[in-house]
Every structure is written in structure tokens, then in C-alpha cells.
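> sequence-free structure coming up:
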């Protein structure tokens, strides 16, 4: 039972992380930086940073956090919350 509960909790965290990253991508798209359907997060961040050097650092940091949370071994609730806050405060 505990294993299933942990698996479900991880899925909830991953869904929240994916939703926040999608919000981040929409913010960039509204500024003319559209993510390609086959473009990975790192490539997208690099291209976005080249197009808008003034936001390159923030884009790189949000992307780094996204990759760590989405594909890393674990994501704790406070990490997910911090990531969501970072995306919420991002202004392209």
C-alpha cells in the first residue's frame, strides 16, 4: 500500500511540474518564442536565451529546475512549490 501511495504522490508532483512548465512555455509563446513540438527543454531554453538574452538566466534556471524535478529521482513538495512560484514570478 505504501509503495502505491508514494507512486501516486510522485505522479501528482510530476503533473504539477508539467503544468507549471507548460505555463512557462505559454508565457514565452506570448512573447513570440514558441516551443517546437519535438524540441526538448534544454534546446528550447538555449534558443529562447539566444532570442532574448535579457531573460536567458531565468529561462536557464527554470529549465534546470524543471528537468531535475521532472526526470530526477525524486521531487519533494517544497521543491515543486518553489518551482511553481519561480514560474509564476517569471515575466518574459
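Yep, that arrived. Nothing here was measured: the structure is a model prediction, and the numbers come from that model. Residues are numbered from 1 along each chain as shown.
> Any regions of the chain where pLDDT drops low?
Applying pLDDT under 70 to the chain flags residues 1-13.
> what are the ranges of the helices in it?
2-30, 41-51, 56-71, 77-89 (DSSP state H).
> Now tabulate those helices in CSV and tack on mean neighbour count.
Glycine gets a C-beta too; all of them are placed from N, C-alpha and C. Listed next are the helices of the chain as CSV, based on neighbours: other Cβ atoms under 10 Å:
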stretch, mean neighbour count
helix 2-30, 14
helix 41-51, 17
helix 56-71, 17
helix 77-89, 14
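> list the contacts for residue 88?
Residue 88 makes contact with 20, 23, according to Cβ atoms under 8 Å, 6 or more residues apart in numbering.
> For it, give its distance to residue 73.
Going from residue 88 to residue 73 by Cβ to Cβ, to the nearest Å gives 25 Å.
> just residue 85 next, same as before
Between residue 85 and residue 73 the computed distance is 22 Å (Cβ to Cβ).
> again, but for residue 62
Applying Cβ to Cβ, the value for residue 62 to residue 73 is 20 Å.
> again, but for residue 46
Residue 46 is 25 Å from residue 73, by Cβ to Cβ.
> Same question for residue 31.
Using Cβ to Cβ, residue 31 is found at 33 Å from residue 73.
> So if I had to pick from those two, which one is more boxed in?
residue 31 (13 against 5; other Cβ atoms under 10 Å).
> Contact partners for that one?
Neighbours of residue 31 in contact, by Cβ under 8 Å, 6+ apart: 52, 92.
> separation between residue 84 and residue 46?
For residue 84, the distance to residue 46 equals 23 Å [Cβ to Cβ].
> To clarify, my last question referred to residue 16.
With Cβ to Cβ as the criterion, residue 16 and residue 46 are 25 Å apart.
> ok, residue 32 to residue 80 distance?
29 Å.
> Correction: the previous question concerned residue 60.
19 Å.
> got the contact list for the closest residue to residue 42 other than its chain neighbours?
Closest residue to residue 42 apart from its sequence neighbours, by Cβ to Cβ, 6 or more residues apart in numbering: residue 63 at 6.5 Å. Taking Cβ under 8 Å, 6+ apart, we find residue 63 in contact with 41-42, 44-45.
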